[in-house]
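Asker: predicted model and sequence below, questions to follow.
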Amino acid sequence: MTIKDTSPVDEPKAPGIRQTMSDLHTWAGLLCGWFLYAMFLTGTVSYFKDEISQWMRPEMPHRSVVPDAAEAAQRIAGKLQELAPNAPQWSMRLPDERYTTMDSFWRLPRGQTAGPNGRSFGSANFDPLTGDKVASRETVGGEFFYRFHFQFHYMPVLWGRWLAGFCAMFMLVAIVSGVITHKKIFTDFFTFRWGKGQRSWLDAHNALSVFGLPFHFMITYTGLITLMALYMPFGEQTAYKTPAQRQELTAQLNTFIQPGKPTGQAAPLAPVDDMVRQAQARWGEGNVGRVTATNAGDAAARVSVTRGEAGRVTMSPQYMLFDGVSGKLLEVKESVGPAAETRGVLYSLHLGRFSDLPMRWLYFIVSRAGTAMVGTGLVMWTVKRRQKLGDPARPHFGFRLVEKLNIASIAGLSIAMAGFLWGNRLLPQGMAERTAWEVHVFFILWALTLAHAMLRPSRRAWIEQFWVGAAALALLPVLSALTTDRPLWRSLAQGDWVFVGFELMLWVLSGLHVWLAVRTARHQGPKRRVARAPSAPVVPAGAAMAKEGV
């Protein structure tokens, strides 16, 4: 008779919530990790994009005293009316402590274009004391890093912003799932074990994550909010259907006044300096940011004076609107609706433009920790997976691809960013499309770092690229001293702390890359265990004697 085994069979246990979140955290971070690292790092340096732009235009004069904004506005308004007498709109940024020249632009009349790219606007940089154009080299400056971090390059702007939003959403998922996964994440923040391979990488990842966790969540979420109308336009399209409604929406979000229809009747523009002084009396002398005029020289002219961004945690539009002919104050706009104000606050938190110098450094440091958090997460994936390979010396293609992309994305990006600054100093000043070639240098070098990583053993590639990055950063102040009239010692003597601070920071970052290169060179990796032959079984003495017949 056959007896059936009726004992219950143990079914595999379903993974718990932490394991599920762990898998989600791993793959969400890995699939977009290389994009996120680039977005974080270029976004981090963008907090000092004005200072980077000044360093990349060494021909601009250094001034220790900020010029009078009202007088400068009147002076440049006259220049803009000469340069663009028929422009439907022109605008100027007033000088401040961070930027002592005046960036200006003007829209061309309908049907006119300028430049090889067929732009519909013109631009120039003016000296606020003389009103002359500042003759500086053509460069995109720090604006490149700012634009790259949310729209990338060599692709349509909308595609780049959609890709950035997709990666930001994955980052948000990785942050939330990471908090759920690491039940001892705050305890582990105070624990760090050097030289323990995977354990050390996990400790570093945890510490960097917890250090700026509120900031990382805020910066990721607000980054999505800044482009919410692009990602989710359906509510706006449903609620605002008529042209009047859309114009009201624009007024809630934008500081630029839209040009009305000109009358065709010539009329001189009222004194702009008086308008700026009225704004200074209301908001403070150093808290006026921009002057914009529409239909200047026509009877329908309007002038808006926009409040500066410092000292207010909102990007909502605040301005004073004047009649461009009589100079009469027509409107003071200092508030918007609750939804627009919420968006303005979140937008301002992301950009950090309200901050003073110490707060901007805090943004920089915590954002740099976020960059390192993403980088350590990428490296930890390869460290963890390598231990599970059958032959670590001969990993499969997928593992090798991730490892090589890590090298180019982390160490290689530092070389590319330093190369962008080298290009600024070495490309001929009269070169055609010089601004574009600065950017081309960045991507050419970045591509070469990927080729180098593919051709070299991974450990050697890490070390070599860290050393190249360190050298490129350390030699930049030397290159600047040889190619410009703004060497470090002269900047020190003149009290030009933008140039001094920038070049000292290059040496600090170079030292960081030296430390990474040395640590990588000293790391030996986990020792492979050698399988031991099984020992002979121990036989009791009595049994052995019996076997021998004793």
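Answerer: Received the coordinates, thanks. Numbering: from 1, shown residues only.

Asker: what's downstream of the strand or helix carrying Glu51, the next helix or strand?
Answerer: Glu51 belongs to helix 49-55 when assigned by DSSP states H and E. Using DSSP H and E, the helix or strand that follows helix 49-55 in sequence is helix 69-83.

Asker: need the residues that contact that following helix.
Answerer: 87, 90, 92, 94-95, 102, 104, 106, 122, 124, 126, 128-129, 131, 269, 271-274, 276-277, 280, 285-286, 288, 291, 293, 296-297 (C-beta atoms under 8 Å, 6 or more residues apart in numbering). Glycine gets a C-beta too; all of them are placed from N, C-alpha and C.

Asker: let's see 7 Å
Answerer: The contact list for helix 69-83, computed with C-beta atoms under 7 Å, 6 or more residues apart in numbering, reads 90, 92, 94-95, 102, 104, 106, 126, 128, 131, 269, 271-273, 276-277, 280, 288, 291, 296-297.

Asker: what is the helix holding Glu51 packed up against?
Answerer: helix 143-151, helix 497-522 (3 or more C-beta pairs under 7 Å, 6 or more residues apart in numbering; DSSP states H and E).

Asker: return the most buried member of those helices.
Answerer: helix 143-151 (a mean of 20; mean count of other C-beta atoms under 10 Å).

Asker: could you give the mean pLDDT of that one?
Answerer: In this model, helix 143-151 has an average pLDDT of 94.

Asker: report the buried residues of whatever helix or strand comes next after it.
Answerer: Downstream of helix 143-151, the next assigned helix or strand under DSSP H and E is helix 157-181. For helix 157-181, burial by neighbour count (16 or more other C-beta atoms under 10 Å) applies to 160-165, 167-175, 177-179, 181.

Asker: in a helix, Leu330, correct?
Answerer: No: going by DSSP: H, G, I helix; E, B strand; the rest coil, the assignment for Leu330 is strand, not a helix.

Asker: what helix or strand is the nearest residue to it once chain neighbours are set aside located in?
Answerer: In this structure, Leu330 finds its nearest non-sequential neighbour in Leu321, 4.8 Å apart by C-beta to C-beta, 6 or more residues apart in numbering. Secondary structure from DSSP H and E places Leu321 in strand 319-323.

Asker: and the contacts of that strand?
Answerer: 255, 257, 275, 278-279, 302-307, 328-333.

Asker: what pairs with that strand, and is each one parallel or antiparallel?
Answerer: strand 302-307 (antiparallel), strand 329-333 (antiparallel) (DSSP bridges).

Asker: give me the contact list for the shortest one.
Answerer: Right, strand 329-333. Gln278, Pro317, Gln318, Tyr319, Met320, Leu321, Phe322, Asp323.

Asker: residues near the first one, how many?
Answerer: Here the number of neighbours of Gln278 (other C-beta atoms under 10 Å) works out to 18.

Asker: how about it, phi and psi?
Answerer: For Gln278, the backbone dihedrals are phi -60, psi -40 (criterion: degrees, to the nearest 10).

Asker: flag the shaky bits of the stretch 351-500 of the chain, pLDDT-wise.
Answerer: 389-393 (pLDDT under 70).

Asker: so where do the strands sit in the protein?
Answerer: Taking DSSP state E, the strands of the chain run over residues 89-93, 102-107, 121-126, 288-294, 302-307, 319-323, 329-333.

Asker: buried residues in the third one?
Answerer: What that stands for is strand 121-126. Phe121, Gly122, Ala124, Asn125, Phe126.

Asker: tabulate the residues you listed (JSON lines), appending distance to Arg425.
Answerer: JSON lines is the format used below for the buried residues of strand 121-126 (distance: C-beta to C-beta, whole Å):
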{"residue": "Phe121", "distance to Arg425": "28"}
{"residue": "Gly122", "distance to Arg425": "27"}
{"residue": "Ala124", "distance to Arg425": "23"}
{"residue": "Asn125", "distance to Arg425": "19"}
{"residue": "Phe126", "distance to Arg425": "24"}
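
Asker: now render those residues as CSV, adding pLDDT.
Answerer: CSV is the format used below for these (pLDDT from 0 to 100):
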residue, pLDDT
Phe121, 78
Gly122, 83
Ala124, 85
Asn125, 87
Phe126, 89
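
Asker: which of those residues lies closest to Arg434?
Answerer: Comparing the buried residues of strand 121-126 against Arg434 with C-beta to C-beta picks out Asn125 as the nearest, at 15.2 Å.

Asker: quick one: the helices in the stretch 351-500 of the chain?
Answerer: 357-386, 397-426, 434-455, 458-483, 488-494, 497-522 (DSSP state H, counting those that start in this stretch).

Asker: please read the previous query as pertaining to the stretch 151-300 of the chain.
Answerer: With DSSP H, counting those that start in this stretch as the criterion, the stretch 151-300 of the chain has helices spanning 157-181, 185-188, 198-211, 213-226, 228-231, 234-239, 243-253, 272-283.
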